[in-house]
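Undergrad: missing the sequence, but the structure's below:
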């Protein structure tokens, strides 16, 4: 079996000696989990330290005395540690452990939610020499100080960096975090001290002179630059000009520069072209695929401010974006084509919503608690959509057609009008084998009218329905007669509408089969078991 090489075994012992205070020999007469301190308090040693740490330090006969045999840690065939993952709360280091820098072939490090305080400069000093390091997860370890650039600048192979829940990291976010040529995943969620404008990276370039790829890219860059400049300098229809040049409607949306309807002059492209370099997409978030900068909801102070990058749609690699809980403002630009997860809730974004047809891979879309206005476009193109939350905005118009796949829909606290019909203009066809997957529908606090549609009663998975504070008319007889014993309905809130009559017998029978709550006109719940 592979054994950890001697020099790294010593490095691991130094790590344990520093970060497992109170560790004692197994044959010690004192309690191995609590050592009285001369200062008074008892030092509590973690379970990991008392088992793995103790074996490594004092009892090499145990199989877990070799970290190579303790999953999920991994060593290579020569006995060098490649992956080091310590359980949460296992270590209590007085400072960020310098011994980590002695594992020269490490690719993955995760000591999240242990205690290892220090600054990002301290971290960079330790891990900067790990030439093969790809993943560094340091969530909630007690880091403090400014969000300086040393880690992302010195770790040239780093692909995933997680510093979430280090509440003493503070200040503005430098653009260097988005300029790394290797970093694909960035997690800085839950940093209450993160303030200031959201940095925007206009574009990057790399010298690939002499290659066919560089020539092709420079040609594409010149062509887009020429098109962008020409359509800004002439009257008529820029869209038609771009379509004539062979660009798709999605690419045209990506070139648009916001509500002005003008096109960018691509300054980053110009600089790169003059230098004879290959041009990369001027995406506002660099090469990142996964971005989690979620703020602290309810924080009295503003977090990140300013607009989203107008070139967001050009982030061709971006799959996951969470910038919720900040004070971002301005319009929402077109989203990237491959984007799957978007959470921009609890900001101050405004203007009309973009057309989501250019992002058909969306699965999760949360834009709640903003100031968006206008109507919602047809969402049936989003055939993978599972979660839709546009609540607490200023949206108006009719309910949009939605795909069959969506399970969670919250459009509450808007100004939507029209009727409530989940047939979605023929999307759900009578007799079709396809069925609506909807589990939760919250349309409360709008201006919806008409009668309660049968389509909601026959939705086979619908469990939570809230249509309160609208202008619905009629009674529940037709709706309740369509209910079946196999229906999954658990909670129905129809209060504060203009409905007449009581709860029909069919709905009362449903309550006899399972716990169900039906709330009627005045907020009182006559059926509740």
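TA: The structure has been received and is ready for your questions. Keep in mind that this is a model prediction, so the values were computed, not measured.

Undergrad: what about the closest residue in space to residue 501 that isn't next to it in sequence, neighbour count?
TA: In space, and not counting its chain neighbours, residue 501 is closest to residue 475: 3.9 Å by Cβ to Cβ, 6 or more residues apart in numbering. For every residue, glycine as well, the C-beta is placed using N, CA and C. A count of nearby residues for residue 475, using other Cβ atoms under 10 Å, gives 14.

Undergrad: How far away from the center of its chain is stretch 315-329?
TA: Once both centres are worked out by Cα atoms, centre = their mean, to the nearest Å, stretch 315-329 turns out to sit 7 Å from its chain's centre.

Undergrad: can you tell me which residues contact the residue nearest to residue 501?
TA: Applying Cβ atoms under 8 Å, 6 or more residues apart in numbering, we find residue 475 in contact with 499, 500, 501, 504.

Undergrad: Any chance of those residues in a markdown table with distance to residue 155 as columns?
TA: Listed next are the contacts of residue 475 as a markdown table, based on distance: Cβ to Cβ, whole Å:
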| residue | distance to residue 155 |
| --- | --- |
| 499 | 62 |
| 500 | 67 |
| 501 | 68 |
| 504 | 65 |
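
Undergrad: So which of the residues you listed are in strands?
TA: residue 499 (DSSP state E).

Undergrad: Separate out the buried members of the contacts of residue 475.
TA: Buried by 16 or more other Cβ atoms under 10 Å: 499, 504, out of the contacts of residue 475.

Undergrad: Now render the contacts of residue 475 as a markdown table, adding pLDDT.
TA: Below are those laid out as a markdown table (pLDDT from 0 to 100):
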| residue | pLDDT |
| --- | --- |
| 499 | 89 |
| 500 | 87 |
| 501 | 82 |
| 504 | 80 |
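
Undergrad: Go through the contacts of residue 475 and name the one nearest residue 479.
TA: residue 504 (8.1 Å; Cβ to Cβ).

Undergrad: Dihedrals phi and psi, the residue lying closest to that closest one once chain neighbours are set aside?
TA: Excluding the flanking residues, the one nearest residue 504 by Cβ to Cβ, 6+ apart is residue 480, at 3.9 Å. When read as degrees, to the nearest 10, the backbone of residue 480 gives phi -70, psi -30.

Undergrad: wait, residue 480 sits on residue 507?
TA: Yes - using Cβ atoms under 8 Å, residue 480 is in contact with residue 507, at 4.7 Å.

Undergrad: The stretch 351-500 of the chain: helices as residue ranges?
TA: Here the stretch 351-500 of the chain has its helices, by DSSP state H, counting those that start in this stretch, at 454-457, 477-481.

Undergrad: quick check: mean pLDDT across the one helix or strand residue 518 maps to?
TA: Assigned by DSSP states H and E, residue 518 belongs to strand 517-519. The average pLDDT within strand 517-519 is 75.

Undergrad: what helices or strands is it leaning on?
TA: Counting contacts by 3 or more Cβ pairs under 8 Å, 6 or more residues apart in numbering; DSSP states H and E, strand 517-519 is packed against strand 491-493, strand 527-528.

Undergrad: burial of the closest residue to residue 482 other than its chain neighbours, as a residue count?
TA: Once flanking residues are discounted, residue 482 sits nearest to residue 457: 3.8 Å by Cβ to Cβ, 6+ apart. If you count neighbours by other Cβ under 10 Å, residue 457 ends up with 22.

Undergrad: Who are the contact partners of residue 457?
TA: So residue 457 contacts 479, 480, 482, 483, 487 (Cβ under 8 Å, 6+ apart).

Undergrad: And those, which is closest to residue 365?
TA: After measuring the contacts of residue 457 against residue 365 - Cβ to Cβ - the closest member comes out as residue 487, at 27.2 Å.

Undergrad: right, and that closest one touches residue 460 too?
TA: Yes - counting by Cβ under 8 Å, residue 487 does reach residue 460; the two are 7.1 Å apart.

Undergrad: residues shared between the contacts of those two?
TA: The contact lists of residue 487 and residue 460 share no entry, where a contact means Cβ under 8 Å, 6+ apart.

Undergrad: The residue nearest to residue 45 when sequence neighbours are not counted: how many residues sit nearby?
TA: Once flanking residues are discounted, residue 45 sits nearest to residue 22: 4.6 Å by Cβ to Cβ, 6+ apart. Neighbours of residue 22 under the rule other Cβ under 10 Å: 20.

Undergrad: Pick the most deeply packed of the helices of the stretch 351-500 of the chain.
TA: Per residue and on average, the most neighbours among the helices of the stretch 351-500 of the chain fall to helix 454-457, with a mean of 20 (mean count of other Cβ atoms under 10 Å).

Undergrad: Tell me how far it lies from the chain's centre.
TA: Relative to the centre of its chain, helix 454-457 is centred 33 Å away, using Cα atoms, centre = their mean.

Undergrad: Nearest to residue 64 among the contacts of residue 457?
TA: Among those, and counting by Cβ to Cβ, the member closest to residue 64 is residue 487, at 52.3 Å.

Undergrad: how would you label residue 49: helix, strand or coil?
TA: helix (DSSP: H, G, I helix; E, B strand; the rest coil).

Undergrad: which residue packs closest to residue 330, ignoring adjacent ones?
TA: The spatially closest residue to residue 330, leaving aside those adjacent along the chain, is residue 307, at 3.5 Å (Cβ to Cβ, 6+ apart).

Undergrad: one step back: just give me the closest of the contacts of residue 457 to residue 342.
TA: Scanning the contacts of residue 457 for proximity to residue 342, where the rule is Cβ to Cβ, the winner is residue 487, at 31.8 Å.

Undergrad: The residue positioned nearest the centre of the chain and residue 293, how far apart?
TA: By Cα atoms, centre = their mean, the chain has its centre lying nearest to residue 322, at 3.8 Å. According to Cβ to Cβ, to the nearest Å, residue 322 stands 7 Å off from residue 293.

Undergrad: Overlap in contacts, the two.
TA: residue 189.

Undergrad: who's more crowded, residue 487 and residue 460?
TA: Counted by other Cβ under 10 Å, residue 487 and residue 460 do not tie: residue 487 has more neighbours, with 19 against 12.

Undergrad: Pull the contacting residues for that one.
TA: 457, 458, 460, 462, 510.

Undergrad: Distance check, the residue nearest to the centre of the chain against residue 458.
TA: Residue 322 is 35 Å from residue 458, where distance means Cβ to Cβ.

Undergrad: May I have the beta-bridge partners of residue 343?
TA: residue 322, residue 366 (DSSP bridges).

Undergrad: count of residues packed around it?
TA: 20.

Undergrad: same thing with residue 307?
TA: Residue 307, neighbours per other Cβ under 10 Å, totals 18.

Undergrad: do the same with residue 92
TA: Using other Cβ under 10 Å, residue 92 has 18 other residues around it.

Undergrad: was I right about it contacting residue 18?
TA: No - the criterion here is Cβ under 8 Å, and residue 92 misses it with residue 18 at 9.3 Å.

Undergrad: Run through the stretch 401-529 of the chain and note the low-pLDDT ranges.
TA: Low-confidence segments of the stretch 401-529 of the chain, defined by pLDDT under 70: 422-434, 509-516, 521-529.

Undergrad: repeat that with 80
TA: In the predicted model, the stretch 401-529 of the chain carries pLDDT under 80 at residues 421-435, 484-487, 502-503, 505-529.

Undergrad: Would you map the strands across it?
TA: 408-410, 415-418, 440-442, 447-450, 464-466, 471-474, 491-493, 498-499, 517-519, 527-528 (DSSP state E, counting those that start in this stretch).

Undergrad: Let me know which of these is the nearest to residue 148.
TA: Across the strands of the stretch 401-529 of the chain, residue 148 has its closest neighbour in strand 408-410 (39.1 Å, Cβ to Cβ).
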